[in-house]
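Asks: here is the input, now give the coordinates:
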Amino acid sequence: MLIVKANPATGDRGAQKQTKSWWDGPQNNRHARTSKAIRAELIGPDTCTALGLTINSSSPVLALRRALIEAGHDPATSLEAYRGETLGLRIRSIGDGGRLEINGEGTGFRRRRQPDATGMIPRSQQPAGGGGAANVPGSGTGWAHETPLGPPPGVAQADRLMDAQDAKDRAELIEREARFKAMEGKP
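Replies: Here you go, the predicted structure:
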């Protein structure tokens, strides 16, 4: 704010006039900015809450900012995110914050990049024919026919082998008991 001393000859007896400068706009006036700021609370590493909205995300403040705009809040409103009583992040306007994303190093922000028109799969690995049915087994998308539920292969053969061994074991046991009884009966 620029303060100009008035000219006493004009009758204002040395009063001071206040003249606003470009620096006094709401975007540069700290008190105007903080009085209208939305207060958000950071909870843990991935949760942020404000005005009844709770967001879980890897970048919760930016996701909350998007949710506030979708809920109809003024994009010019500032956002202050606190962890307890400590101010952790101030976004000048939630509308400007929409153009940000976390940089790759995790040390700040960068302008949000527009998604590429191409996907993550290189053209050389995409199915030929340009637009066959998606998610169909055998179409080159990686989908496969489902495997029906049932016993694993080989269980029937293992069951037959075990049944045969059980029969042999029973026969041997009967034979052993018969010999034992025969020995008991001899004087």
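Asks: how is the protein partitioned into domains?
Replies: Domains of the chain are assigned by automatic domain parsing as 1-35, 36-113.
Asks: and those domains, which one's lowest on average pLDDT?
Replies: Out of those, domain 1-35 stands lowest, with a mean of 48 (criterion: mean pLDDT).
Asks: count of residues packed around residue 53?
Replies: Residue 53: 16 surrounding residues under other Cβ atoms under 10 Å. In this view, the C-beta of every residue, glycine as well, is placed from N, C-alpha and C.
Asks: list the buried residues of the stretch of helix or strand residue 67 belongs to.
Replies: Per DSSP states H and E, residue 67 falls inside helix 60-70. For helix 60-70, the neighbour count (16 or more other Cβ atoms under 10 Å) marks 60, 61, 62, 63, 64, 65, 67, 68, 69 as buried.
Asks: quick one, strands of this protein?
Replies: Under the criterion DSSP state E, the chain contains strands at 2-5, 16-19, 38-43, 47-50, 53-56, 79-83, 86-91, 100-102, 109-111.
Asks: quick revisit: what's the angle between the helix holding residue 67 and strand 79-83?
Replies: Interaxial angle, helix 60-70 versus strand 79-83 (axes from the mean of the first three to the mean of the last three Cα atoms, to 10 degrees): 140 degrees.
Asks: for helix 60-70, give me every contacting residue.
Replies: By Cβ atoms under 8 Å, 6 or more residues apart in numbering, the list of residues contacting helix 60-70 from outside reads 38, 40, 42, 46-51, 53, 55, 57, 75, 77, 79, 81, 89, 91, 94-95, 97-98, 100-102.
Asks: how about a cut-off of 10 Å?
Replies: Residues from elsewhere that reach helix 60-70 (Cβ atoms under 10 Å, 6 or more residues apart in numbering): 38, 40, 42-51, 53-57, 59, 73-75, 77, 79-81, 88-91, 93-98, 100-102, 109, 112.
Asks: can you tell me how far residue 63 is from residue 55?
Replies: Remark: distance between residue 63 and residue 55 (Cβ to Cβ, to the nearest Å) = 5 Å.
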